[in-house]
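S.K.: no FASTA, just this:
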């Protein structure tokens, strides 16, 4: 089997969905098959297992020599990266696949708790760009910190925009707001963002994803539970939608962002 250090780059470049499916396979000692149903089953198992174990596990890792040596050179506020956590897990007896996949899951979870820098992250396709831009500008005027991907042209110059987007949509916002249109549902980039956010629900709130429907799209049930509450652009001006977002974010921050069981991941949300 490949050493854990050689597996780390593979998991660092995986989507959350692929990472948790691989972690589930490693924990259960299974080879990861090609069936989407198998991947979903393994991912659900891993997310639930991780939600119950992550904090306790991280505390145990801090007692290892690997983690102690890293802290001696770490700067103020620096977070342990995947390699450090995977090495500490391997030191404690985890096999290579578990150490690498779990190290990355712990790194993402730690980063999410320390770098949630946006109140809202929006995702959309071009036909609704101006409406979304108006929502973003109004929300910012109300004091919300909003992630709007067109702002990142220079900052993401030379970077993999899919991987950078996954960090935001899965880890760094209090709420993810997809503007679901027929074009959105046919756009691989948009669906990647959506899948990342849906996967993150298990570690966040069941109303983390706040869908907004555009132009009567037919959203497949496998993408979004038909019982999930949503708003429509035709029913709300950009200013009204921004006000709804402000109220939602304030309520979320007041209540905290407790992790949820994945079985309750997508339910009707009231806005």
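M.R.: Perfect, I can see it now. These numbers were taken from a predicted model, which means no experiment stands behind them.

S.K.: Using the three-state scheme, assign the closest residue to residue 252 other than its chain neighbours.
M.R.: Counting by Cβ to Cβ, 6 or more residues apart in numbering, residue 174 is the residue found nearest to residue 252 once chain neighbours are left out, at 5.4 Å. The way it works is simple: take the backbone N, C-alpha and C, and place the C-beta from them, glycine included. Three-state call for residue 174 (DSSP: H, G, I helix; E, B strand; the rest coil): strand.

S.K.: From residue 185, how far out is residue 174?
M.R.: Distance, residue 174 to residue 185, by Cβ to Cβ, to the nearest Å: 25 Å.

S.K.: Comparing those two, which residue is more hemmed in?
M.R.: residue 174 (22 against 18; other Cβ atoms under 10 Å).

S.K.: Near residue 209, how many other residues are there?
M.R.: For residue 209, using other Cβ under 10 Å, the count is 24.

S.K.: what about residue 240, which helix or strand?
M.R.: Assigned by DSSP states H and E, residue 240 belongs to helix 238-255.

S.K.: What of residue 39?
M.R.: Per DSSP H and E, residue 39 falls inside helix 36-61.

S.K.: Who are the packing partners of the helix holding residue 240?
M.R.: strand 118-123, helix 129-141, strand 173-180 (3 or more Cβ pairs under 8 Å, 6 or more residues apart in numbering; DSSP states H and E).

S.K.: JSON lines please, covering these and showing distance to residue 159.
M.R.: Below are the helices and strands packed on helix 238-255 laid out as JSON lines (distance: least, Cβ to Cβ, whole Å):
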{"stretch": "strand 118-123", "distance to residue 159": "17"}
{"stretch": "helix 129-141", "distance to residue 159": "22"}
{"stretch": "strand 173-180", "distance to residue 159": "18"}
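
S.K.: picking up where we left off before, give me the buried positions along the helix holding residue 240.
M.R.: Under the neighbour-count criterion of 16 or more other Cβ atoms under 10 Å, helix 238-255 has 238, 241, 242, 244, 245, 246, 248, 249, 252 buried.

S.K.: My understanding was that residue 80 contacts residue 108; is that so?
M.R.: No: using Cβ atoms under 8 Å, residue 80 is not in contact with residue 108, being 11.7 Å away.

S.K.: Would you map the helices across this protein?
M.R.: 4-12, 16-28, 36-61, 65-73, 82-91, 96-114, 129-141, 161-171, 188-200, 238-255 (DSSP state H).

S.K.: Remind me what the helix holding residue 39 packs against, helices and strands.
M.R.: helix 16-28, helix 82-91, helix 96-114.

S.K.: which regions of this protein sit below the pLDDT cut-off?
M.R.: 1-2, 31-37, 76-77, 112-116, 203, 256-271 (pLDDT under 70).

S.K.: Would you map out the domains in it?
M.R.: 4-113, 116-264 (automatic domain parsing).

S.K.: what residues are up against the residue most central in space within the chain?
M.R.: Nearest to the mean C-alpha position of the chain, by Cα atoms, centre = their mean, lies residue 170 at 1.5 Å. Residue 170 sits next to 16, 108, 112, 196, 197, 199, 200 when contact means Cβ atoms under 8 Å, 6 or more residues apart in numbering.
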